[in-house]
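**Q** next comes the sequence, and after it the predicted model I'd like to discuss.
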Amino acid sequence: MSNNDYQPAKVWSENKGLGGTWGSINRPTAGARSEASLPVGKHPLQLYSMGTPNGQKVTILLEELLALNVQGAEYDAHLIRIGESEQFTSGFVAVNPNSKIPALLDTTTVPGTRVFESGAILLYLAEKFGHFLPKDAAGRTEVLNWLFWLQGAAPYLGGGFGHFYHYAPVKIEYAIDRFTMEAKRQLDLLDKQLAEHRYIAGNEYSIADIAIWPWYGALVQGLMYEAAEFIDAASYKNLVRWTEEVAQRPAVKRGRIVNRTWGAPEEQLPERHDASDFDKLGL
């Protein structure tokens, strides 16, 4: 049946596989699918994640905090293989009932504090340690404006544009056009903001930059969806400038490869349990 012939049923039913890269793990129900406990390392913070853009947000912030000698920010980063449905184990669901990476367990509290949703983790860590979030009300609010913008915008980039342009088993012109238009609108918004500011929320580096860079920086750099030429990424010159500046930060270089299992060998650190884990990679 062609796309033009499709008509939705009165009540949707799961009667066929979705296909595509992630279709085999998607179900219309929540909750655990298997019994398995999570590993627990030696550090105060236990992160269960994978090196996707959402996962990178948290590891970049943790590495930035450690670069400031915030010792309480030491962490173990355990790899969750989402392609193998490890996010649906009973242990992971106990930390994040939504079964999405990343998930954080702060063992310094009794009982341990679970934090899920990447934006919530960034806010939790920024408030806990007092860095990368302005203290004054106006500055704090501007950073949170952009943090919440990212949390709402990224699904259009990933689940919308990225899915239909790169992952979907069939190319649907309407869907690609619809989400490309929105992705480019978002890029234009960021480009205009960065024409007036060094960083996303002003002239200080913050969790807004840490949240947005793994998504929109990777897209501009051609590291995501193989789409940089398609969206004419080079034309967003202020965004390119910011992307390159953030990319040069040592903590970003480290954080972006944690829980990563693909790409060049020197850009993979499947698990991180000590700062020395980066030594063999020259970071």
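**A** Sure thing, it's come through.
**Q** helices along this structure, start to end?
**A** 53-67, 90-95, 118-129, 137-155, 173-196, 207-212, 218-220, 237-247, 250-255 (DSSP state H).
**Q** ok, which of these comes nearest Pro39?
**A** Smallest distance to Pro39 across the helices of the chain (C-beta to C-beta): 8.8 Å, for helix 90-95. (Glycine included, C-beta is placed from N, CA and C.)
**Q** for that closest one, packing partners?
**A** strand 103-106, strand 113-116 (3 or more C-beta pairs under 8 Å, 6 or more residues apart in numbering; DSSP states H and E).
**Q** mind listing what's buried along it?
**A** Gly91, Phe92, Val93, Val95 (16 or more other C-beta atoms under 10 Å).
**Q** go on, stretch 114-130?
**A** Applying 16+ other C-beta under 10 Å to stretch 114-130 flags 115-119, 121-126, 128-129 as buried.
**Q** same question for stretch 183-190.
**A** Buried, per 16+ other C-beta under 10 Å, within stretch 183-190: Ala183, Lys184, Gln186, Leu187, Leu190.
**Q** what's the end-to-end length of stretch 214-230?
**A** With C-alpha to C-alpha, to the nearest Å as the measure, the ends of stretch 214-230 fall 19 Å from one another.
**Q** list the contacts for the closest residue to Gly119 other than its chain neighbours?
**A** Spatial nearest neighbour of Gly119, excluding adjacent residues (C-beta to C-beta, 6 or more residues apart in numbering): Gln151 at 4.4 Å. Contacts here follow C-beta atoms under 8 Å, 6 or more residues apart in numbering; on that basis Gln151 touches Glu117, Ser118, Gly119, Ala211.
**Q** got the contact list for the last one?
**A** Applying C-beta under 8 Å, 6+ apart, we find Ala211 in contact with Lys57, Ser118, Gly119, Leu122, Trp146, Leu147, Leu150, Gln151.
**Q** state the distance from the residue nearest to it when sequence neighbours are not counted to Leu45.
**A** Spatial nearest neighbour of Ala211, chain neighbours left out: Leu150 (4.6 Å); criterion: C-beta to C-beta, 6+ apart. Using C-beta to C-beta, to the nearest Å, Leu150 is found at 22 Å from Leu45.
**Q** same deal with Asn203?
**A** 29 Å.
**Q** next one: Glu35
**A** Distance from Glu35 to Leu45, by C-beta to C-beta: 25 Å.
**Q** which one of these two has more residues nearby?
**A** Leu45 (24 against 8; other C-beta atoms under 10 Å).
**Q** my read: the more buried one touches His78, true?
**A** No: contact between Leu45 and His78 fails when scored by C-beta atoms under 8 Å: they sit 11.1 Å apart.
**Q** quick check: Glu182 touching Phe161?
**A** Yes: between Glu182 and Phe161 there is a contact under C-beta under 8 Å: 7.1 Å.
**Q** the two: which is more packed in?
**A** Taking neighbours as other C-beta under 10 Å, Glu182 and Phe161 compare with Phe161 leading, 27 against 15.
**Q** quick one, which of the helices and strands packed on helix 90-95 is nearest to Pro155?
**A** strand 113-116 (16.0 Å).
**Q** spatially central residue in this protein, please.
**A** Asn54 (1.2 Å; C-alpha atoms, centre = their mean).
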